[in-house]
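Q: got a sequence here, can you model it:
(one chain, ligands or ions: 1)
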Amino acid sequence: MEVRMDGRVALITGGSLGLGYAMAEKFVESGADVALIARRQDALDTAVSTLQSGVKTRIIGISCDVSKASEIEDMFQKVLSKLGRVDILINNAGHAKAGEFESISDEEWQYDFDLKLMAAVRLSRLVFPGMKERNWGRIINMLNTMAKTPSARSAPTSVTRAAGMALTKVLAGEGAPYNILVNGFNIGRIKSDQIQRAYDATNKELSFEDFVARAGKNIPIGRFGEAEECANLACLLCSDAGGYVTGTSINVDGGLSPAL
Ligand SMILES: NC(=O)c1ccc[n+]([C@@H]2O[C@H](COP(=O)([O-])OP(=O)(O)OC[C@H]3O[C@@H](n4cnc5c(N)ncnc54)[C@H](OP(=O)(O)O)[C@@H]3O)[C@@H](O)[C@H]2O)c1
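A: Next up, the predicted model:
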């Protein structure tokens, strides 16, 4: 089986680092043009120049805070003016936010919703008309395992991610007649810049590798995931080869979640 994405245009939020960057790398290898979106322009510039070396596909980096409605429309118009259209949308920008319920303020709830849910709502609304017109589209919503198995001290993220699963199903239902396929990835623990930052916040008694190896022992498969493993799945689902999978939230978690 050959997984190719030649001629497709992908927009990846949170594309400068971590899982978003790994997906960009795979998409570019597979022939897609890619727009990377994040807030920090320096990280975007580094990502674009690394990805661009030796390939002819078009890669751009646009600074945008996707938690702000006012910035999303402007960013989308810039992507259209440079790359012409968006065939693939990866709603990936996010942050880890979970704590004791009573400690979470309205502002923190609102920010979590704006960043992880409303950004996906707003961007999906913008890409849908073009995808419908061309009768082809792919959307992946990056979620987490707690969307299916919320627990104490998992808000606001578990609540926002559960809403992301519902959004995935709604969009999949409305998109299917137009060959727009929409899926969610319920991520467990995958090595990324986010995990590096969590390590940096420790007293560093262990090396990063030992820190990750120790935490990985609690995962059935016995280790953290690699960003590339998540990117491989995204690449398959966003290519023609993945043309019959829609409306599902897939655990990408080495067996961590007890939920199906
Ligand atoms: N890695 C895991 O184990 C794990 C587990 C569960 C869920 N997830 C989810 O998977 C996604 C990717 O995670 P990751 O580990 O790759 O994260 P990461 O390494 O921290 O990368 C996050 C990316 O999102 C961008 N970003 C953050 N806030 C943004 C905003 N307001 N507007 C635009 N871009 C923003 C960051 O760039 P700037 O800071 O420059 O904006 C960066 O490019 C996230 O949604 C995360 O919640 C990851």
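Q: please make it C-alpha for all contacts and neighbour counts, starting now.
A: Noted.
Q: tell me the contacts of the residue nearest the centre of the chain?
A: Here the mean C-alpha position of the chain is nearest to the C-alpha of residue 92 (C-alpha atoms, centre = their mean), at a distance of 2.3 Å. By C-alpha atoms under 8 Å, 6 or more residues apart in numbering, residue 92 lies in contact with 12-15, 19-20, 116, 141-142.
Q: likewise residue 117?
A: Under the criterion of C-alpha under 8 Å, 6+ apart, the neighbours of residue 117 are 160-161, 163-164.
Q: ok, now how distant is it from residue 207?
A: Residue 117 is 35 Å from residue 207, where distance means C-alpha to C-alpha, to the nearest Å.
Q: could you do residue 130 as well?
A: Remark: distance between residue 130 and residue 207 (C-alpha to C-alpha) = 47 Å.
Q: ok, the two, which is more surrounded?
A: Per other C-alpha atoms under 10 Å, whichever of residue 130 and residue 207 has more neighbours is residue 130, with 14 against 10.
Q: hang on, the more buried one in a helix?
A: Yes - according to DSSP: H, G, I helix; E, B strand; the rest coil, the state of residue 130 is that of a helix.
Q: circling back to that earlier point, need the contacts of residue 92 in CSV (columns: neighbour count, pLDDT and secondary structure).
A: As requested, these are exported to CSV (neighbours: other C-alpha atoms under 10 Å; pLDDT from 0 to 100; DSSP: H, G, I helix; E, B strand; the rest coil):
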residue, neighbour count, pLDDT, secondary structure
12, 24, 99, strand
13, 28, 99, strand
14, 25, 98, coil
15, 29, 98, coil
19, 25, 98, helix
20, 25, 98, helix
116, 25, 98, helix
141, 24, 99, strand
142, 24, 98, strand
